[in-house]
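**Student:** Please find the sequence and the predicted model below.
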Amino acid sequence: GINIPIFDRNQQGISQALKEREWIKKSYEQTVNEALSTLKKNYDQLAIQIEKNKYIHEIILEKAQQNLLIVEKNLNIGAIDILKYLEVVRAHQEITETALNSEKELLKSWINVEAAIGFPILVFPNEGVFNLPLQEFEEDKMGEK
């Protein structure tokens, strides 16, 4: 006859199930750590981009607009020639382009954070309402005044 271990209690099946459970746990932990790492990286980039955009809009662009107004006044009273005025206008346009590029990079950073969490954060005007409290995107930041 064949001896069947009566008191085996499915030890081999239990061992296999524990190994599978441990593998799933490690896989889950790795996935969570990768997702959190991506989110942190994207959030840090967003924070940097917000500060950069704020600096460009509040300092550099503001100074360029003030310079343009001063040069326009001086041109009207004849204190400077047209070439100097055109040079300041060109510089102002370059700074405006830099501000727009900064705005574009900021929006890309928002998209990366949203992609990392899988849910929209930034709501544009006339966009649908979501269930989470979201940050309204200011219209004047997009150049619509």
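**Tutor:** Everything's here; your move.
**Student:** Mind giving me the packing neighbours of the strand or helix carrying Glu34?
**Tutor:** Taking DSSP states H and E as the criterion, Glu34 maps to helix 11-55. When contacts are defined as 3 or more Cβ pairs under 8 Å, 6 or more residues apart in numbering; DSSP states H and E, helix 11-55 sits against helix 82-117. (C-beta placed from N, C-alpha, C; glycine too.)
**Student:** What are the buried residues along the helix it packs on?
**Tutor:** For helix 82-117, burial by neighbour count (16 or more other Cβ atoms under 10 Å) applies to 85, 88, 92, 95, 99, 102-103, 106-107, 109-110, 112-113, 116.
**Student:** can I get these in JSON lines with pLDDT and distance to Ile60?
**Tutor:** As requested, the buried residues of helix 82-117 are arranged in JSON lines below (pLDDT from 0 to 100; distance: Cβ to Cβ, whole Å):
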{"residue": "Tyr85", "pLDDT": "93", "distance to Ile60": "20"}
{"residue": "Val88", "pLDDT": "94", "distance to Ile60": "14"}
{"residue": "His92", "pLDDT": "96", "distance to Ile60": "11"}
{"residue": "Ile95", "pLDDT": "96", "distance to Ile60": "6"}
{"residue": "Ala99", "pLDDT": "96", "distance to Ile60": "8"}
{"residue": "Ser102", "pLDDT": "95", "distance to Ile60": "9"}
{"residue": "Glu103", "pLDDT": "94", "distance to Ile60": "13"}
{"residue": "Leu106", "pLDDT": "94", "distance to Ile60": "15"}
{"residue": "Leu107", "pLDDT": "92", "distance to Ile60": "19"}
{"residue": "Ser109", "pLDDT": "94", "distance to Ile60": "19"}
{"residue": "Trp110", "pLDDT": "91", "distance to Ile60": "21"}
{"residue": "Asn112", "pLDDT": "93", "distance to Ile60": "24"}
{"residue": "Val113", "pLDDT": "92", "distance to Ile60": "25"}
{"residue": "Ala116", "pLDDT": "89", "distance to Ile60": "30"}
